[in-house]
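Asks: have a look at this prediction, sequence included:
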Amino acid sequence: MTNTNGDEALDPASMLALAQRQQKSVSSQRGSFVAIIMAGYGVALLAGFLSLRFVERPLAWWIFVALFAAAIALSIVLGVRGARGIRSSDGFTGTMYGVSWSLAMAGLGALGGGLIAQGLPDHLIELFYSSTYTLLIGVQYFMAGVIWRSRPSLIVGAWLVVVAAAAPYLGLPNNYLLLGIAGGGGFIVLAIVTAVRTRAARLATNG
Amino acid sequence: MDELDPVIHAQGRLRITAALATLEPGEELSFPRLQELLDMTAGNLSTHLRKLEDAGYVTVTKAHEGRTPVTYLGLTRTGRRAFEDYTDALKALLG
């Protein structure tokens, strides 16, 4: 049926389907940048951890830090762009979620510093930081999924927790193989799934 | 069909109401962003929005960002309830 100005109504089943498709389309369009952010973190984790596995220190650390800084910058730029045209009188949840990242990151850094001050050996420092930070990212992604009802975030969050918890059992340096391939790879797979679903939802309604 | 809200029972207005219902309470969308999300012409969107505003379903707030005037749109409590009642009525009709 051709529709020029949208003043006509369809039968009840089609109208209900239209409402549901429209809501899905809007939600996925509003979240479309999430796939690119996920891909950015995926590449940073994959290439960063593999460099820690195969490249000599301290170069590997610099590669890791540079990749992560780039992924964070990308997420900030896209996050701001994604929020354009949206105004909220209550930004409490989003702001506090942002604060929880900084709080947890800083807390974990300080905790590790304390362990190092108490004589934590070098190989354990690497196992500790690589897995705890990956676990932290996993928990934060899971919480984002809870707050914004995003199933991809819940899945990738839970998956990162499992990967981070398993990695130290492999010992250095193979823990980095698992973190890079399963952790980074998991992010990349989810980024692709999210991008495909976003596109499908938009095409279904807006044509 | 007489129990279906005539304000929402039109494809264009249903799409607008459904889109605005995805916002959290207290959230508003700018006119250009809503137009982009719905892929509607500005004229068509304005016409439907006026009817929704007249029915008390949509709030239209004019704001200024720098020098450019921006119109923000959100659902009123009545509008949100009307959308829920409308979809409930459809579900009831469909059994």
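Replies: Ah, there it is. Residues are numbered from 1 along each chain as shown, chains lettered A, B, ... in the order given.

Asks: for chain A, which residues are neighbours of chain B?
Replies: A:3, A:5-10, A:12-13, A:15-16, A:18-20, A:22-23, A:25-27, A:29-30, A:84-90, A:205-207 (Cβ under 8 Å from any Cβ of the partner chain). C-beta coordinates here come from the backbone N, C-alpha and C atoms, glycine included.

Asks: for the host helix or strand of residue A:191, packing partners?
Replies: Residue A:191 is part of helix A:185-206 when elements are defined by DSSP states H and E. Applying 3 or more Cβ pairs under 8 Å, 6 or more residues apart in numbering or on different chains; DSSP states H and E, we find helix A:185-206 packed against helix A:12-30, helix A:32-54, helix A:151-166.

Asks: tell me the gap between the next helix or strand after the shortest one and the middle of its chain.
Replies: As assigned by DSSP H and E, the chain's next helix or strand after helix A:151-166 is helix A:174-178. The chain centroid and the centroid of helix A:174-178 are separated by 20 Å under Cα atoms, centre = their mean, to the nearest Å.

Asks: now helix A:174-178: buried residues?
Replies: Neighbour counts over helix A:174-178 (16 or more other Cβ atoms under 10 Å in any protein chain shown) mark A:175-178 as buried.

Asks: check which helices and strands that helix sits against.
Replies: Helix A:174-178 packs on helix A:32-54, helix A:122-147, going by 3+ Cβ pairs under 8 Å, 6+ apart.

Asks: before we move on, the earlier item: out of the buried residues of helix A:174-178, who's nearest chain B?
Replies: Nearest to chain B among the buried residues of helix A:174-178: residue A:178, at 37.9 Å, using Cβ to the nearest Cβ.

Asks: next, count neighbours for residue 17.
Replies: I'll assume chain A. By the criterion of other Cβ atoms under 10 Å in any protein chain shown, residue A:17 has 15 neighbours.

Asks: can you look at chain B instead?
Replies: Neighbours of residue B:17 (other Cβ under 10 Å): 26.

Asks: could I get the contacting residues of it?
Replies: Contact analysis of residue B:17 by Cβ atoms under 8 Å, 6 or more residues apart in numbering or on different chains lists A:19, B:8, B:52, B:57-58, B:75, B:79, B:82-83, B:86.

Asks: so what's residue B:62 up against?
Replies: Counted by Cβ under 8 Å, 6+ apart, residue B:62 has contacts B:69-72.

Asks: which residues touch stretch A:196-207?
Replies: With Cβ under 8 Å, 6+ apart, stretch A:196-207 has contacts from A:18, A:21-22, A:24-25, A:27-29, A:31-32, A:35, B:15, B:38-39.

Asks: would you show me how to pick out the buried ones of the contacts of residue B:17 in PyMOL?
Replies: This is the PyMOL syntax for the buried subset of these, where burial follows 16+ other Cβ under 10 Å:
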select buried, (chain A and resi 19) or (chain B and resi 8+52+57+58+75+79+82+83+86)
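
Asks: which ones among the contacts of residue B:17 lie within strands?
Replies: Among these, the members found in strands (DSSP state E) are B:58, B:75.

Asks: follow-up on the earlier one: in a markdown table, list the buried residues of helix A:174-178 along with pLDDT and distance to residue B:28.
Replies: Output for the buried residues of helix A:174-178, formatted as a markdown table (pLDDT from 0 to 100; distance: Cβ to Cβ, whole Å):
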| residue | pLDDT | distance to residue B:28 |
| --- | --- | --- |
| A:175 | 97 | 47 |
| A:176 | 97 | 46 |
| A:177 | 97 | 48 |
| A:178 | 97 | 45 |
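
Asks: put the alpha carbons of the lowest-mean-pLDDT helix or strand in chain B into CSV.
Replies: Of all regular secondary-structure elements in chain B, judged by mean pLDDT, DSSP states H and E, the least confident is strand B:58-65 with a mean of 90. The C-alpha trace of strand B:58-65 is given here as CSV (Å, rounded to 0.1, in the frame of the first residue of the first chain):
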residue,chain,number,x,y,z
VAL,B,58,3.1,15.9,22.9
THR,B,59,5.1,18.8,24.5
VAL,B,60,6.7,21.2,22.1
THR,B,61,9.5,23.2,23.7
LYS,B,62,11.4,26.0,21.9
ALA,B,63,14.9,26.4,23.1
HIS,B,64,18.0,28.2,21.9
GLU,B,65,21.4,26.6,21.4
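
Asks: so in that sheet, which strands flank that strand, and in what orientation?
Replies: Paired strands of strand B:58-65, with direction, are strand B:68-75 (antiparallel) (DSSP bridges).

Asks: re earlier: are any of the residues of chain A next to chain B buried, and if so which?
Replies: Judged by 16+ other Cβ under 10 Å, buried ones among the residues of chain A next to chain B: A:6, A:9-10, A:12, A:15-16, A:18-19, A:22-23, A:25-27, A:29-30, A:85-88, A:205-206.

Asks: thanks a lot, catch you later.
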